[in-house]
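# Sharing a model prediction with you, sequence too.
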Amino acid sequence: MDTFLAVDIGGTRLRVASYPQEGIQAIKQNRVPTRSSNSAVVDRLIEQLALLWPDDGIVRAIAVAAPGAIDPEKGLIYSAPNIPGWDNLHLRSILEDRFQVPVRLGNDANMAAMGEWKYGAGRGHKDLIYFTVSTGIGGGVISSNCLLLGAAGLAAEVGHVTVDPNGPLCGCGQRGHLEAFASGTAIARYVAAELADGVPSSMAASPAPSTAEIAAAAREGDALAIAAFNRAGRYLALGVANYLHIFNPSIIIFGGGVSRAGSLIFDPMRAALKEMVISPAYMDQLEITQAALGDDAGLLGALALARQE
């Protein structure tokens, strides 16, 4: 039986799964910590791939979803956050030399976009944008049934569009990016600053509440928590409006932990978005929805990449 191997590398967890030619039910799947005290990450990856290698079949391809800046054409990881030593790493050639099968490589957010497009909430759409809103903001763009990569594989850094050039520093070191206003980190930072300034809130006993705690407080009617999500939703609308004008998608899909806040962030985003687009036609047939695949989006995106001819 022909088999495809898909890999999703996170900062803390490494997942490897084998799949048949059709369907998304894994034949086998392993989840292990990305790093251990006695093996480098590449060695650990090779070890897990070898464990899933079929005894009686053929592996058609391996595809890897990895964090960081990646050039898929060169099979090169420029840098990977939270994985020390992964700078200018030619991972594709390392794996092809070891296993003697085609290896494909993609950024994890792009792979999540591909997973949702092929197997999740984006099925049937040819133009979509996927956002993952969590600690940071990432995502990917499908345009005319193609994953947008750019000249060096660095396109669609959706969290790093500038929404306020005088805004706070982003985690990337630049100022005023969408991620600095609408990520989970940004929401928590805004609330902590307001509490430090003495703004009354049911969260006052916790000077640094998490985004989940802020969402819980908002559902209980806490004014500061509601204001925090309203603010994030408006800034998210700024970023989304920019992408609507550039790509004109038929669906926008949101994943990541902050998306679980649901209407707390999406209602203010939708309201602001209607005022920001240059024509109501951008919104008339636009579907805005939450991701369907959860934590499997990146792994299944890697599967879709492995199956590409």
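Arrived safely. None of the values given here were measured: they were computed from a predicted structure. Numbers count the residues shown, from 1 in each chain.
# Domain ranges for the chain, per the record?
Taking automatic domain parsing as the reference, the chain has its domains at 2-113+296-307, 124-291.
# OK, contacts around residue 283?
When contacts are counted by Cβ atoms under 8 Å, 6 or more residues apart in numbering, residue 283 is found next to 273-274, 277. All C-beta spots, glycine's among them, are computed from the backbone N, C-alpha and C.
# Swap in 7 Å and give it another go.
With contacts defined as Cβ atoms under 7 Å, 6 or more residues apart in numbering, the neighbours of residue 283 are 274, 277.
# mind checking the end-to-end distance for stretch 215-228?
Here the two ends of stretch 215-228 are set 9 Å apart, with distance taken as Cα to Cα, to the nearest Å.
# buried residues in that stretch?
Within stretch 215-228, the residues that qualify as buried by neighbour count (16 or more other Cβ atoms under 10 Å) are 215-218, 222, 224-228.
# swap in stretch 19-32?
With burial defined by 16+ other Cβ under 10 Å, the residues of stretch 19-32 counted as buried are 19, 24, 26-27, 32.
# Can you give me the neighbour number for residue 196?
Using other Cβ atoms under 10 Å, residue 196 has 10 other residues around it.
# Report the contact partners of it.
When the contact criterion is Cβ under 7 Å, 6+ apart, the partners of residue 196 are residue 207.
# same question, the one 10 residues further on
With contact set as Cβ under 7 Å, 6+ apart, residue 206 has these partners: residue 213.
# With residue 250 instead?
Contact criterion Cβ under 7 Å, 6+ apart gives 125, 127-128, 285-287 as the residues in contact with residue 250.
# SS state for residue 172?
Recorded secondary structure, residue 172: coil (DSSP: H, G, I helix; E, B strand; the rest coil).
# burial count for the closest residue to it other than its chain neighbours?
In space, and not counting its chain neighbours, residue 172 is closest to residue 160: 6.1 Å by Cβ to Cβ, 6 or more residues apart in numbering. For residue 160, the neighbour count with other Cβ under 10 Å is 19.
# Surely residue 160 and residue 179 touch.
Yes. When contacts are counted by Cβ atoms under 7 Å, residue 160 is listed as touching residue 179 (6.5 Å).
# joint contacts of the two?
Taking Cβ under 7 Å, 6+ apart as the criterion, residue 160 and residue 179 both touch residue 170.
# re earlier: how about a markdown table for the domains of the chain, with mean pLDDT added?
Below are these laid out as a markdown table (pLDDT from 0 to 100):
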| stretch | mean pLDDT |
| --- | --- |
| domain 2-113+296-307 | 91 |
| domain 124-291 | 95 |
